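Trainee: predicted model, plus sequence, below.
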Amino acid sequence: VEQRAGMGSICASPPMEPTLSLLQDDILLVVLTRLPPKALCSVRACDRRLCGLASDPSLWQLLHRQRWTQPALTAGSPVAGWLADYARRHAQDAQLPAQLRALHAAARKPGPAAQAERDIIWQRLMSMGMEVYDLTCRLAVRSDSEGGSAAERAESQKLAQGINQSDVWREWRALLQRAE
């Protein structure tokens, strides 16, 4: 309640609350592009309108392209959509260090059972392909203070080399098929 100057009475004025609902969708989208993916997921839980805006394919396409450069994306969109593909690749990236540690642990074990375990882990890692190439390269050069041991760096380097060779072979076969 406040006394207005020049008015003989006391008026009640509603408190001013900042609200996102006053902003237009295109302005909100610009604001949302500044958020990290985790915060963007939290925004999706706020209300129906923000959920729709925070799920906008162009927003997730931008985040996707900022985070992953490999493999180079074609003109089309991922089949499941940008948000779903972002979630899939994020989960895949989260599994990579654990898989590399398991590979390193299996490499220290002797015998045919250990070799079979290593083969399964390698198949799993190689099936991720170029999608994990950038992360693999980052893991291959991180220092001990960043959480990487020399053995883990060596495994990462081997994986990066294997992924690269596999991708080169795939491209070579595709070129040969087109030439025929």
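Mentor: Looks like it arrived, so ask away.

Trainee: tell me the centre residue of the protein?
Mentor: For the chain, the residue nearest the mean C-alpha position is H90 (3.9 Å; CA atoms, centre = their mean).

Trainee: enumerate every residue touching that residue.
Mentor: Residues in contact with H90, defined by CB atoms under 8 Å, 6 or more residues apart in numbering, are P37. C-betas here are computed from N, CA, C, even on glycine.

Trainee: contacts only, for Q61.
Mentor: With contact taken as CB under 8 Å, 6+ apart, Q61 is in contact with 77, 82.

Trainee: remind me which helix or strand it belongs to.
Mentor: If you go by DSSP states H and E, Q61 is part of helix 57-67.

Trainee: returning to that earlier point: what's the angle from whatever helix or strand the residue nearest to the centre of the chain lives in to helix 57-67?
Mentor: For H90, the element it lies in under DSSP H and E is helix 82-107. Between helix 82-107 and helix 57-67, the angle comes out at 30 degrees (axes from the mean of the first three to the mean of the last three CA atoms, to 10 degrees).

Trainee: so what touches the helix or strand just after helix 82-107?
Mentor: As assigned by DSSP H and E, the chain's next helix or strand after helix 82-107 is helix 112-128. With CB under 8 Å, 6+ apart as the test, helix 112-128 has contacts from 92, 96, 99-100, 102-103, 106-107, 109, 132, 159, 162-163, 166.

Trainee: stretch 164-175 too?
Mentor: 71, 126, 129-130, 133.

Trainee: which of those scores worst on pLDDT?
Mentor: Lowest pLDDT within the contacts of stretch 164-175 is found at P71 (69).

Trainee: tally of neighbours for the nearest residue to P57 once chain neighbours are set aside?
Mentor: Distance criterion CB to CB, 6 or more residues apart in numbering; nearest residue to P57, sequence neighbours excluded, is W82 at 4.9 Å. By other CB atoms under 10 Å, 21 other residues sit near W82.

Trainee: what residues are up against W82?
Mentor: By CB under 8 Å, 6+ apart, the residues touching W82 are 57, 59-61, 63-64.

Trainee: would you format those as TSV with distance to A150 and pLDDT included?
Mentor: Formatted as TSV, those follow (distance: CB to CB, whole Å; pLDDT from 0 to 100):
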residue	distance to A150	pLDDT
P57	42	93
L59	40	93
W60	37	93
Q61	38	91
L63	33	92
H64	33	90
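
Trainee: of these, buried ones?
Mentor: By neighbour count, with 16 or more other CB atoms under 10 Å, those hold 59-61, 63-64 as buried.

Trainee: for those, give me JSON lines that also has distance to R153.
Mentor: As requested, those are exported to JSON lines (distance: CB to CB, whole Å):
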{"residue": "L59", "distance to R153": "35"}
{"residue": "W60", "distance to R153": "32"}
{"residue": "Q61", "distance to R153": "33"}
{"residue": "L63", "distance to R153": "28"}
{"residue": "H64", "distance to R153": "27"}
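
Trainee: appreciated, that's everything.
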